[in-house]
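Participant: How does the following fold in three dimensions:
(one chain, ligands or ions: 2)
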Amino acid sequence: MTDMDTRVAVLGGGSFGTALASIAADNGFHVRQWLRDGALVESINRDHRNPRYLPDYAINPRVKASTELEWVLEDAILVLVAIPSKAFAEVVRQARPWLKPEQILVSTTKGIQEDGFKLMSQILEDETGFAHVGVLSGPNLASEVAQKQLTATVIASHDAETRSRVQAALGCDYFRVYASNDRYGVELGGALKNIYAIAAGMAAALGMGENTRSMLMTRALAEMSRFAVSQGANPMTFLGLAGVGDLIVTCSSELSRNYRVGFAMGKGQSLDEAVASLGQVAEGVNTVKLVRDKADAEGVYMPLAEGLYQVLFRGVPARDMAKLLMRGEQSSDVEFVLPREDVKQDRRQTEAKNGG
Ligand SMILES: NC(=O)c1ccc[n+]([C@@H]2O[C@H](COP(=O)([O-])OP(=O)(O)OC[C@H]3O[C@@H](n4cnc5c(N)ncnc54)[C@H](O)[C@@H]3O)[C@@H](O)[C@H]2O)c1
Ligand SMILES: O=P(O)(O)OC[C@H](O)CO
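Facilitator: Ligands and ions are numbered 1, 2, ... in the order given. Model prediction:
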């Protein structure tokens, strides 16, 4: 079988699923896309547009949409799942009767499931027991991908066939796909950065400057890697596209839905108003809750996640929280160089010397 015989199935009719379907079709693959909404299916098949999620971009006419999971999945070698985390497991269960062990299953979703604190590729694995499972993540604003702006992403899998099939299906002159075997780290990076994008949007709306944004992003990276290490991921992954790369784009762009939720709140909207006016998924709202609880339970130091949680769900004003965070415990810049514990120890010794 040649690469061009590969059929690609995309589950999800949102902006990212649609953008990825169009890339695979641009690359000459047969692409079928599954959506719940019959009217959107008709628009994609007839007008080659997704008016609800990507109204301004043409979709490659080789993408065929349907509400029938069985038809979309038949003969598919590669299955991309682009469904928000809250509905991800439900859709995988719906699709399960037509999934086959030889298929390559890839999550493109950057979220965490509350039940069991599961990442999406773990759901794919648990629901199917199949071997070819991966995750696609990186600095990939869907509308820029649809615009064919030069973009890079990461396919992460322990399975070499998954990595190379995805590189072949999606790599092209405007979309470069790098490989990783740290699936957990790559996936965690994609989910965690959404938390800090909300904080960055809020800071921007409050008129905070570039120094502040830079501090926020760098400390976010430290916090993300600390959490990831506590969960068994490789901290070096956070130096890559799915770590610092994705953090930069989502903390800097008004195209990020998470950033926009934070910005709207910084301008005075409540969380509910900000989410309602967005009309799309902002995964970070749920992720901050789950990560904060997990960090709390496992004793992982995550002051930014805790602070954002207090602002989002406990009504603490963002400005007060920012001031509080500035006066947090003395800490280390890069704790892989100077451990936080050493800084605390230094302080204790200095205090003892000073008789305090
Ligand atoms: N949009 C981006 O720029 C982007 C980029 C990279 C990754 N992602 C990730 O991709 C995931 C999907 O995001 P998106 O941007 O495509 O979302 P979106 O908000 O644009 O659309 C979500 C889609 O999922 C569908 N959906 C929701 N619940 C469903 C259910 N129960 N059954 C079937 N379909 C359901 C909606 O109808 C819609 O088609 C998110 O987790 C996001 O983190 C998004
Ligand atoms: O729009 P957001 O905030 O979900 O971010 C989109 C992508 O994850 C950016 O890489």
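Participant: what about the strands in the stretch 101-250 of the chain?
Facilitator: Ranges of strands in the stretch 101-250 of the chain, per DSSP state E, counting those that start in this stretch, are 104-107, 112-113, 118-119, 133-137, 151-156, 175-180.
Participant: got JSON lines for the ones you listed, with mean pLDDT too?
Facilitator: Shown next, in JSON lines, are the strands of the stretch 101-250 of the chain (pLDDT from 0 to 100):
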{"stretch": "strand 104-107", "mean pLDDT": "98"}
{"stretch": "strand 112-113", "mean pLDDT": "98"}
{"stretch": "strand 118-119", "mean pLDDT": "98"}
{"stretch": "strand 133-137", "mean pLDDT": "98"}
{"stretch": "strand 151-156", "mean pLDDT": "98"}
{"stretch": "strand 175-180", "mean pLDDT": "98"}
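Participant: Looking at the ones you listed, which is nearest to ligand 2?
Facilitator: Ligand 2 sits nearest to strand 133-137 of all the strands of the stretch 101-250 of the chain, at 7.7 Å, using Cβ to the nearest ligand atom. The way it works is simple: take the backbone N, C-alpha and C, and place the C-beta from them, glycine included.
Participant: Neighbouring strands - and their directions - for that closest one?
Facilitator: strand 104-107 (parallel), strand 151-156 (antiparallel) (DSSP bridges).
Participant: Can you tell me which of the ones you listed is most buried?
Facilitator: Sort the strands paired with strand 133-137 by mean neighbour count, taking mean count of other Cβ atoms under 10 Å, and strand 104-107 sits at the top with a mean of 28.
Participant: coming back round to it: would you format the strands of the stretch 101-250 of the chain as TSV with distance to Glu329 included?
Facilitator: Shown next, in TSV, are the strands of the stretch 101-250 of the chain (distance: least, Cβ to Cβ, whole Å):
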stretch	distance to Glu329
strand 104-107	36
strand 112-113	27
strand 118-119	30
strand 133-137	32
strand 151-156	34
strand 175-180	33
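Participant: of all those, which lies closest to Gln33?
Facilitator: Nearest to Gln33, of all these, is strand 104-107, at 14.4 Å by Cβ to Cβ.
Participant: got the CA positions of that closest one in PDB?
Facilitator: Output of strand 104-107 as PDB, limited to C-alpha atoms (Å, rounded to 0.1, in the frame of the first residue of the first chain):
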ATOM      1  CA  ILE A 104      -3.600   4.800  13.600                       C
ATOM      2  CA  LEU A 105      -5.500   6.800  16.200                       C
ATOM      3  CA  VAL A 106      -4.300  10.300  16.900                       C
ATOM      4  CA  SER A 107      -5.800  12.900  19.300                       C
END
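Participant: mind checking which helix or strand the nearest residue to Arg62 once chain neighbours are set aside is in?
Facilitator: Distances taken as Cβ to Cβ, 6 or more residues apart in numbering place Ala25 nearest to Arg62, at 3.9 Å, with adjacent residues excluded. Assigned by DSSP states H and E, Ala25 belongs to helix 15-26.
Participant: how about the residue nearest to Ala131 when sequence neighbours are not counted, what does it touch?
Facilitator: Among residues not flanking Ala131 along the chain, Asp159 sits closest, at 6.1 Å (Cβ to Cβ, 6+ apart). By Cβ atoms under 8 Å, 6 or more residues apart in numbering, the contact set of Asp159 is Ala131, His132, Val133, Gly134.
Participant: Contact partners for whatever residue of the stretch 51-200 of the chain ends up closest to ligand 2?
Facilitator: Scanning the stretch 51-200 of the chain for the residue nearest ligand 2 gives Asn140, at 4.4 Å (criterion: Cβ to the nearest ligand atom). Contacts for Asn140 (Cβ under 8 Å, 6+ apart) come out as Phe16, Thr151, Thr153, Asp246, Val249.
Participant: Quick one: name the residues of the protein near ligand 1.
Facilitator: Taking Cβ under 6 Å from any ligand atom as the criterion, the neighbours of ligand 1 within the chain are 12-17, 35-36, 53, 82-85, 87, 90-91, 108-111, 140-142, 280-281, 283.
Participant: and Phe263, how many neighbours?
Facilitator: By other Cβ atoms under 10 Å, 22 other residues sit near Phe263.
Participant: what about it, which SS state?
Facilitator: helix (DSSP: H, G, I helix; E, B strand; the rest coil).
Participant: May I see the ChimeraX selection of the buried members of the residues of the chain next to ligand 1?
Facilitator: The buried residues among the residues of the chain next to ligand 1 can be selected in ChimeraX (16 or more other Cβ atoms under 10 Å) with this line:
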select :12,13,14,15,16,17,35,53,82,83,84,85,91,108,109,110,111,140,141,142,281,283
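Participant: Could you pull out the helices in the stretch 1-150 of the chain for me?
Facilitator: Assigned by DSSP state H, counting those that start in this stretch, the helices in the stretch 1-150 of the chain fall at 15-26, 38-47, 69-73, 85-95, 120-128, 142-146.
Participant: now, among the contacts of Asp159, which is nearest to ligand 1?
Facilitator: Out of the contacts of Asp159, the member with the shortest distance to ligand 1 (by Cβ to the nearest ligand atom) is Gly134, at 14.2 Å.
Participant: if we can go back for a sec, need the helices of the stretch 1-150 of the chain in CSV (columns: mean pLDDT and distance to Leu312).
Facilitator: Shown next, in CSV, are the helices of the stretch 1-150 of the chain (pLDDT from 0 to 100; distance: least, Cβ to Cβ, whole Å):
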stretch, mean pLDDT, distance to Leu312
helix 15-26, 97, 24
helix 38-47, 98, 31
helix 69-73, 97, 35
helix 85-95, 98, 17
helix 120-128, 98, 23
helix 142-146, 97, 24
